[in-house]
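Visitor: I would like to see how this sequence folds:
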Amino acid sequence: MTSLRERMTSFVDSQKRKYPDLAERYAELRSLEERKLWHELTQKLRAFVKDKACDRGKNLIELYENFVKYFSHRMNQLHFVEIVIASARQYYIRTSNKDVEKAIILLEDISGCDISVEKQSEDDDGAKKSATKEKKKVAGDVEKKEEEEAAPSPEERKRELKMQKRRKLGESAFVIVQSHVAWLRLTQNKADQCLALFSKTKPILDAIDCAPPVAHRAYFSVAAEYYYEKGPADEYYRNRLQYVVYTPVEELTEDLRVNYAQHLCLAALVSDKIYNFGEVVALPIFQSLKQNKNLSWLSGLLECFNHGDIERFNNIFADCQEQIQNMPSLRTNVNKLKQKITIICLIELIFQRPASQRNIRFVEIAKATQLKLDQVEWVLMRAMSLGLVRGSIDEVTQTVSISYIQPRVLDKPQLKGLRARLDEWRASVETAASFMEENTAELFE
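Guide: So this is what the prediction gives:
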């Protein structure tokens with residue numbers, strides 16, 4: 001009977017013969033394993049599975065099954081799951097998702113993660129039966145109870161095995177694997193299972209102290225993909241925004257940068273709940289959208305909303321009708337966009353005023369928002385109902401007194417304006433202090 005080391009050597013030799021152009025790389029992997037240089041071996045394996053030149057049929061799966069899994073406990077588990085996930089792609093990447101289930105089973109085998117709603121339901125039923133069984137044991141004699149407890153049920157053994165795999169992998173790596181399984185369910189058009197799986201993953205992620213960015217990326221990626229297909233727009237926006245924040249921009253191709261920026265802009269524009277656009281404008285990927293000759297108008301449209309610039313909004317809508325008509329999400333929400341830019345224009349008008357000058361006449365609001373005077377009150381009530389501003393409306397004097405405006409992310413021009421107002425406030429305070437000192441000198445003696 002051949003030893004494990006002999007089998008591993010035999011496998012590597014067979015791969016070298018099968019793929020002569022990769023023989024040197026296979027030999028290097030084997031050499032590192034023999035010398036027990038686990039970190040160096042892990043880095044080489046990560047590079048190997050990511051290199052498209054090394055992707056041949058099912059060779060990466062075979063590499064895992066016959067080589068990697070025998071020393072997986074020696075590896076950084078985050079890198080290990082990265083290698084396995086990259087290898088598992090060979091099950092479905094060229095077969096139109098026909099073999100996705102094989103990839104899911106492989107991921108379950110290394111992690112003990114849940115792989116479907118039905119499977120979890122069966123586990124829950126097993127847990128209930130186990131609890132009922134425990135209650136019945138109480139009525140039996142002590143010896144029989146001890147014997148039954150010493151022999152766990154098949155369901156209990158199965159759950160314990162899954163927990164052992166999970167503990168071995170670590171919570172962060174477990175989150176990555178279960179998130180990827182959720183994404184694979186989405187590719188099978190099993191959206192309900194995808195939602196159930198990534199919803200169960202979120203509490204696990206939140207419970208990890210200082211979870212690595214790669215774990216956050218895995219979760220927010222599948223959540224964004226789900227909400228992109230199923231909606232609503234604001235959920236897609238929040239999850240894709242978090243994904244981009246946790247992902248170094250260098251790791252995204254130019255096409256992905258433009259794609260994510262475009263979808264984030266569209267989601268922010270059509271959502272009923274998003275009135276803060278500074279987060280998107282501040283993203284590095286937004287620059288890729290601005291530099292794209294076919295979509296630069298969309299970045300300009302978002303900047304209009306960020307500044308509440310109705311005049312520029314109208315100009316872009318007039319000049320880019322063809323592009324807007326080609327985007328169903330904009331074409332079907334024209335009235336909503338007009339209402340939204342009006343509300344943001346109101347917010348910008350309030351923001352530009354010092355706190356001491358926020359008693360605003362309806363006439364001023366009507367002029368800034370390009371509305372009729374009798375429509376101003378509706379805009380104010382709408383902004384207040386959304387929690388964007390707080391204040392009181394005086395219908396008799398046709399004024400509104402604003403006491404609160406919702407915080408938002410500011411870009412550089414807005415920050416410069418804020419700085420100028422702070423300088424004015426400081427000068428005002430200094431003037432007041434000087435006046436007090438000059439006119440109440442006896443109080444300072």
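
Visitor: all helices of the stretch 251-400 of the chain, in order?
Guide: For the stretch 251-400 of the chain, helices defined by DSSP state H, counting those that start in this stretch occupy the ranges 254-270, 278-281, 284-291, 296-307, 310-319, 321-325, 328-331, 334-351, 362-369, 376-385.

Visitor: just want the angle from the lengthiest helix in the chain to helix 334-351.
Guide: If you go by DSSP state H, the chain has its longest helix at helix 412-439. If you take axes from the mean of the first three to the mean of the last three C-alpha atoms, to 10 degrees, helix 412-439 sits at 30 degrees to helix 334-351.

Visitor: near the closest residue to Asn66 other than its chain neighbours, how many other residues are there?
Guide: Sequence neighbours aside, Phe11 is the residue nearest to Asn66 in space, at 4.1 Å (criterion: C-beta to C-beta, 6 or more residues apart in numbering). (Each C-beta comes from the backbone N, C-alpha and C, glycine too.) Neighbour count for Phe11, taken as other C-beta atoms under 10 Å: 17.

Visitor: for Phe11, give its distance to Leu252.
Guide: Here Phe11 is placed at a distance of 35 Å from Leu252 (C-beta to C-beta, to the nearest Å).

Visitor: if we can go back for a sec, nearest to Glu101 among the helices of the stretch 251-400 of the chain would be which one?
Guide: helix 254-270 (27.5 Å; C-beta to C-beta).

Visitor: helices or strands next to the closest one in the packing?
Guide: When contacts are defined as 3 or more C-beta pairs under 8 Å, 6 or more residues apart in numbering; DSSP states H and E, helix 254-270 packs onto helix 233-245, helix 278-281, helix 284-291, helix 296-307, helix 328-331, helix 334-351.

Visitor: what lies in contact with it?
Guide: The contact list for helix 254-270 (C-beta atoms under 8 Å, 6 or more residues apart in numbering) reads 228, 233-234, 236-237, 240-241, 243-244, 249, 252, 274, 277, 280, 283-286, 288-289, 292, 295, 298-299, 301-302, 305, 327, 329-330, 333, 336-337, 340.

Visitor: can you flag the buried ones in these?
Guide: Neighbour-count burial (16 or more other C-beta atoms under 10 Å) applied to the contacts of helix 254-270 gives 228, 233-234, 236-237, 240-241, 243-244, 252, 274, 277, 280, 283, 285-286, 288-289, 292, 295, 298-299, 301-302, 305, 327, 330, 333, 337, 340.

Visitor: who's in contact with Ser221?
Guide: Taking C-beta under 8 Å, 6+ apart as the test, what Ser221 contacts is Ser179, Trp183, Tyr243.

Visitor: same deal with Tyr92?
Guide: Lys98, Asp99, Val100, Lys102, Ala103, Leu184, Thr187.

Visitor: 10 Å instead?
Guide: Listed by C-beta atoms under 10 Å, 6 or more residues apart in numbering, the contact set of Tyr92 reads Lys98, Asp99, Val100, Glu101, Lys102, Ala103, Ile104, Leu184, Thr187, Gln188.

Visitor: now do Glu395
Guide: Glu395 neighbours (C-beta under 10 Å, 6+ apart): Phe362, Glu377.

Visitor: how close does it sit to Arg56?
Guide: 76 Å.

Visitor: wait, Arg238 sits on Val244?
Guide: No. Taking contacts as C-beta atoms under 10 Å, Arg238 lies outside contact range of Val244: 11.2 Å.

Visitor: now the common contact residues for those two.
Guide: Common neighbours of Arg238 and Val244 (C-beta under 10 Å, 6+ apart) are Phe220, Ala224, Glu279.

Visitor: the closest residue to the last one other than its chain neighbours: neighbour count?
Guide: Meaning Glu279. What sits nearest to Glu279 in space, not counting adjacent residues and going by C-beta to C-beta, 6+ apart, is Val409, at 5.1 Å. By other C-beta under 10 Å, 13 other residues sit near Val409.

Visitor: in a strand, Val409, correct?
Guide: No. Read with DSSP: H, G, I helix; E, B strand; the rest coil, Val409 is coil and lies in no strand.

Visitor: who touches it in this structure?
Guide: Asn276, Phe277, Gly278, Glu279, Val280, Val281, Ala282, Asn306.

Visitor: the helices in the stretch 101-250 of the chain, which residues?
Guide: So, for the stretch 101-250 of the chain - with DSSP H, counting those that start in this stretch - the helices run 117-139, 142-150, 154-169, 171-187, 191-207, 213-230, 233-245.

Visitor: adding distance to Ile316 and mean pLDDT, write these out as JSON lines.
Guide: Shown next, in JSON lines, are those (distance: least, C-beta to C-beta, whole Å; pLDDT from 0 to 100):
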{"stretch": "helix 117-139", "distance to Ile316": "45", "mean pLDDT": "47"}
{"stretch": "helix 142-150", "distance to Ile316": "72", "mean pLDDT": "53"}
{"stretch": "helix 154-169", "distance to Ile316": "50", "mean pLDDT": "86"}
{"stretch": "helix 171-187", "distance to Ile316": "34", "mean pLDDT": "95"}
{"stretch": "helix 191-207", "distance to Ile316": "35", "mean pLDDT": "95"}
{"stretch": "helix 213-230", "distance to Ile316": "25", "mean pLDDT": "96"}
{"stretch": "helix 233-245", "distance to Ile316": "20", "mean pLDDT": "96"}
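
Visitor: save those helices as a markdown table, and put in distance to Leu349 too.
Guide: Output for the helices of the stretch 101-250 of the chain, formatted as a markdown table (distance: least, C-beta to C-beta, whole Å):
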| stretch | distance to Leu349 |
| --- | --- |
| helix 117-139 | 50 |
| helix 142-150 | 72 |
| helix 154-169 | 54 |
| helix 171-187 | 43 |
| helix 191-207 | 39 |
| helix 213-230 | 33 |
| helix 233-245 | 25 |
